[in-house]
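In: What follows is a protein structure lacking sequence information:
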Ligand SMILES: NC(=O)c1ccc[n+]([C@@H]2O[C@H](COP(=O)([O-])OP(=O)(O)OC[C@H]3O[C@@H](n4cnc5c(N)ncnc54)[C@H](O)[C@@H]3O)[C@@H](O)[C@H]2O)c1
């Protein structure tokens, strides 16, 4: 039997601890070390029974892990991942892949040059409900995809912003949260040709935006909108609708994405699909609703299982550094569009 993959955790904060919890449920992998200079990390490593390092470079040298999970602050992602690749260690890198496209490109090039894989933590793509939605859209169940409405509207408590890096450039709602929705829109609906956008920080007054309205034109001709705010008492978001993470009390009947095509429509996360009995049916006919089914499962655990196979070179990453860089390019186009008031095109990223 293959021995469990020895995975080290770099960054044992909120997200790192979630990864640890899921790692505990796998038989094919085990935690071998924690690297994090923060005040609580040594205690966590002791509690989890693994070696502790303040500096991840020392950890790489001394522990020689088979793979690492990187869940440190966004601005450190690329530098950390580059060091891991240089040591020949496959990386599960939390999103965003980087905070600037230039550094993300550097990571794409390093992964290609070293042949060491990077899986980026856009974990929602591993959720079985998204797998089913992807099958439906790509399989033509909606006909020609025409309009897409995406909502990310909720309220983060003020205490969330007590952690300094979350208020500073390199964090912010677009890069921390809407990047998930934009990644799913690319995954479900295809690449985006151009965007227009307005952002605002009028509620919280931090350097980063707390509200955004984005218009999207997809390569396939579909048109979409995405509105987001982290400062509103509202139920429309993946977090509250999907039930993926029990820390967010669920609003199961509220959608976050509405996809409409010439022969059908789909609400996500409900996976309710509407269509007419006849393909040429119209507004005087009853619109029929079907409940699509899927086997619910934990996206973060499925992502880790996939990562074990990626690290063992059994499969290609579902979300490679280049793929995630395309989502980052979309975020950058949105920022540029908001700053200039012009329609902007995401930069091309070669594999
Ligand atoms: N996939 C998701 O749904 C999701 C959800 C939340 C956060 N995230 C991502 O996870 C990452 C961490 O977010 P968080 O909410 O856990 O933040 P956090 O502040 O709770 O944790 C970050 C941790 O990194 C540690 N750290 C700081 N510098 C370090 C260094 N040089 N080396 C190693 N560790 C270092 C900190 O001490 C802290 O423990 C971010 O990139 C964020 O975007 C992803």
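Out: Perfect, I can see it now. Everything numeric in this text was worked out from a predicted model, so none of it was measured.

In: Flag every residue of the stretch 51-200 of the chain that's near the ligand.
Out: The stretch 51-200 of the chain comes close to the ligand at residues 56, 71-74, 76, 94-95, 121, 123, 163, 176, as judged by Cβ under 6 Å from any ligand atom. Placement of C-beta: from N, CA and C, glycine included.

In: Scan those and report the most crowded one.
Out: residue 123 (28 neighbours; other Cβ atoms under 10 Å).

In: Longest helix of this structure, counting residues only.
Out: The longest helix of the chain (DSSP state H) is helix 321-340.

In: Just the pLDDT at the residue nearest to residue 335 when sequence neighbours are not counted, thanks.
Out: Spatial nearest neighbour of residue 335, excluding adjacent residues (Cβ to Cβ, 6 or more residues apart in numbering): residue 174 at 6.8 Å. Note on residue 174: pLDDT of 95.

In: which residues sit in contact with residue 174?
Out: 199, 208-209, 212, 228, 331, 334-335 (Cβ atoms under 8 Å, 6 or more residues apart in numbering).

In: Point me to the residue of the chain nearest the ligand.
Out: Residue nearest to the ligand within the chain: residue 13 (1.8 Å; Cβ to the nearest ligand atom).

In: What are the boundaries of the helices in the stretch 251-351 of the chain?
Out: Assigned by DSSP state H, counting those that start in this stretch, the stretch 251-351 of the chain shows helices spanning 299-311, 321-340.

In: Which among the ones you listed is found nearest to residue 146?
Out: Residue 146 lies closest, by Cβ to Cβ, to one member of the helices of the stretch 251-351 of the chain: helix 321-340, at 20.0 Å.

In: Distance from the closest one to the middle of the chain?
Out: Centroid separation for helix 321-340 versus its chain: 14 Å, with Cα atoms, centre = their mean, to the nearest Å.

In: shaky segments in the protein?
Out: When residues are selected by pLDDT under 70, those of the chain lie in 1.

In: quick check: domain ranges of it?
Out: Annotated domains of the chain cover 5-124+300-320, 128-296 [automatic domain parsing].

In: rewinding a little: what is the nearest of the contacts of residue 174 to residue 221?
Out: The closest of these to residue 221 turns out to be residue 334 (Cβ to Cβ; 19.8 Å).

In: and the host helix or strand of residue 59, how far out from the chain's middle?
Out: According to DSSP states H and E, residue 59 maps onto helix 56-63. Its chain's average C-alpha position is 27 Å from that of helix 56-63, according to Cα atoms, centre = their mean.

In: So which elements touch that helix?
Out: Packed against helix 56-63, as judged by 3 or more Cβ pairs under 8 Å, 6 or more residues apart in numbering; DSSP states H and E, are the following elements: strand 5-10, strand 29-35, strand 51-53, helix 77-86.

In: what do you get if the cut-off is 7 Å, keeping everything else the same?
Out: Using 3 or more Cβ pairs under 7 Å, 6 or more residues apart in numbering; DSSP states H and E, the elements in contact with helix 56-63 are strand 5-10, strand 29-35, helix 77-86.

In: And the longest one, how far out from the chain middle?
Out: Once both centres are worked out by Cα atoms, centre = their mean, helix 77-86 turns out to sit 19 Å from its chain's centre.

In: For the helix or strand that it is followed by, which outside residues touch it?
Out: Following helix 77-86 in sequence order, the next helix or strand is strand 91-93 (DSSP H and E). Applying Cβ atoms under 7 Å, 6 or more residues apart in numbering, the contact partners of strand 91-93 are 68-70, 77, 81, 84-85, 118-121, 307.
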